[in-house]
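S.K.: Predicted model, plus sequence, below.
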Amino acid sequence: MSYYVSPTDPPLRGRRVMDLRELGQRLRYAREFRGLSQQSTAEAIGVTRTAITQMESGNRSVSTLELSKLAECFRRPISFFFQEAAEEQDIFVALYRTAPELNVDPIVRDQVWERLNLCQEGVTLKEILGLESRTGLPTFDFRSPRTKGDAITQGNKAAIEERRRLGLGESPVHGISELIVSQGIWASDAELPNGVSGLFLNHFSFGLAIVVNANHSRGRKQFSYAHEYAHALMDRNGQLTVSSSGNSSELVEVRANAFAASFLMPADGVYDLLRNLELKTPYHRVQTVYNAASGGSSEGVIRTESSSRTVTFKDIAKVAHRFGVSYQVALYRLKSLKLLSEKETNRQIALEEFGRQFLNELSDADSVERKDDIQRSGRELRFEVANLAIEAYRQEEISQGRLLELSKMLKIDGPRFLDFAAKARGD
């Protein structure tokens, strides 16, 4: 007995015919992974517990509507139930093995699920539209760093080369999440544990994806996006990278931090901004790199040359505002460029809260030290997938019912989303 998927059924177009027993195994796996009982699942989709038992045993067919409701209940895209492999290739299994803290708080768990499921839906929509995922990221042939100095040197070099490739010059990179998306990488923020600044994921079901902590300030999120982008450029042979306070001293993390600092705040750009200061450009130096996960710093010795100019908190705030990073990130970048001595750095660290207040006072709601409204987290990814969904509807590749399903995942009012799509189609 088979579960038949009609080739004219828009929500499931292109899915393979699957044996009911195999589908039942997928349903049971997804339910148990979600921590739900058969009874609670039955109540959620409006059937009896016996019906769920029969579905999971392969003795009852599953309608398109029921499968859609089950996917929503289990926080899975419908495509999950038709993948060639399930548990052994499930990104969530790998994620929770590497970072079990992501599976403790249900809010964190649900938000990460939602973001990755949206990525999977986005890939499905791209396939329907015949859009190829961008695959033009450069490959950096670096050996594994042996010291912090190696890691910092590699990160700096990669940042300089990547800015050159993208034609950024010495200008600030505002809206880095949009830049990341333009390179074919899904990008979003989500609620993550306090000790986790970001995730980089590489999985066959959605490609490359970056998730950063929505509870961090705008400036810190900017740095985390750049940090995870470094992993996409230099560490994408692996399936998963979790940037946390627990692994911040690992050399690949130091390298990613060095990349982020140099990519967001190029040395010549900082020098130009502070051109009225009496600067000495060092030849060899100690590099101090902001730590995205812990909020501290990491140093690698390359040799030093001193600078005699004292930088004040207002200069640090100016750099932070200009380059869209936090006061702390800017402070450590100036130290790295030898614009701050050790003594001056400690003094400015003591004034950090004052510097943040200064930024908030002058920048008001746009301050890099303020947090975005948590209710609006994930908007970059939602915007991307919403555009794909509307385009698929405009081209009559998905049905009205499928569009309504996607509106739930996108947290957009269904009738309102249909109205947007109809207007785009000229109805």
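M.R.: Now that the structure is in, tell me what you want to look at. Numbering: from 1, shown residues only.
S.K.: Relative to the whole chain's centre, how far out is the strand or helix carrying Ala42?
M.R.: Ala42 is part of helix 38-45 when elements are defined by DSSP states H and E. Here the centre of helix 38-45 is set off from its chain's centre by 32 Å, with Cα atoms, centre = their mean, to the nearest Å.
S.K.: And the following helix or strand past that helix, what does it pack against?
M.R.: Sequence order places helix 49-57 as the next helix or strand after helix 38-45, per DSSP H and E. Secondary-structure packing of helix 49-57 (3 or more Cβ pairs under 8 Å, 6 or more residues apart in numbering; DSSP states H and E): helix 20-34, helix 38-45. Bear in mind the C-beta positions are built from the backbone N, C-alpha and C, glycine included.
S.K.: what about 10 Å?
M.R.: Contacts defined by 3 or more Cβ pairs under 10 Å, 6 or more residues apart in numbering; DSSP states H and E place helix 49-57 against helix 20-34, helix 38-45, helix 64-74.
S.K.: Just put the ones you listed in TSV and tack on mean neighbour count.
M.R.: Converted to TSV, these look like this (neighbours: other Cβ atoms under 10 Å):
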stretch	mean neighbour count
helix 20-34	19
helix 38-45	16
helix 64-74	19
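S.K.: hey, what's Thr241 bridged with?
M.R.: Counting by DSSP bridges, Thr241 is bridged to Phe200.
S.K.: re earlier: ranking the helices and strands packed on helix 49-57 by mean pLDDT, which is last?
M.R.: Among those, helix 20-34 carries the lowest mean pLDDT, a mean of 82.
S.K.: Stretch 128-141: end-to-end distance?
M.R.: Length of stretch 128-141, first residue to last, Cα to Cα, to the nearest Å: 35 Å.
S.K.: Buried residues in that stretch, which are they?
M.R.: 128, 137, 140 (16 or more other Cβ atoms under 10 Å).
S.K.: cool, stretch 248-268 as well?
M.R.: 248, 251-267.
S.K.: what's the neighbour count on Asp97?
M.R.: Careful, residue 97 is Arg; it's not Asp. Other residues near Arg97 number 10, with proximity taken as other Cβ atoms under 10 Å.
S.K.: related to what we said a few turns ago, if we take the buried residues of stretch 128-141, which one ends up nearest to Pro193?
M.R.: Leu137 (28.3 Å; Cβ to Cβ).
S.K.: Show me where the stretch 301-427 of the chain has its strands.
M.R.: In the stretch 301-427 of the chain, no strands are defined using DSSP state E, counting those that start in this stretch.
S.K.: what's the angle between the longest helix that the chain contains and helix 20-34?
M.R.: Counting by DSSP state H, the longest helix found in the chain is helix 106-129. Interaxial angle, helix 106-129 versus helix 20-34 (axes from the mean of the first three to the mean of the last three Cα atoms, to 10 degrees): 140 degrees.
S.K.: now for helix 106-129, which elements pack on it?
M.R.: Partner elements for helix 106-129 (3+ Cβ pairs under 10 Å, 6+ apart): helix 20-34, helix 64-74, helix 91-98, strand 186-190, strand 196-203, strand 207-213, helix 379-394, helix 400-410.
S.K.: Just send the ones you listed back as a markdown table, with distance to Gly324 too.
M.R.: Putting those into a markdown table (distance: least, Cβ to Cβ, whole Å) gives the following:
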| stretch | distance to Gly324 |
| --- | --- |
| helix 20-34 | 38 |
| helix 64-74 | 37 |
| helix 91-98 | 29 |
| strand 186-190 | 15 |
| strand 196-203 | 16 |
| strand 207-213 | 14 |
| helix 379-394 | 15 |
| helix 400-410 | 27 |
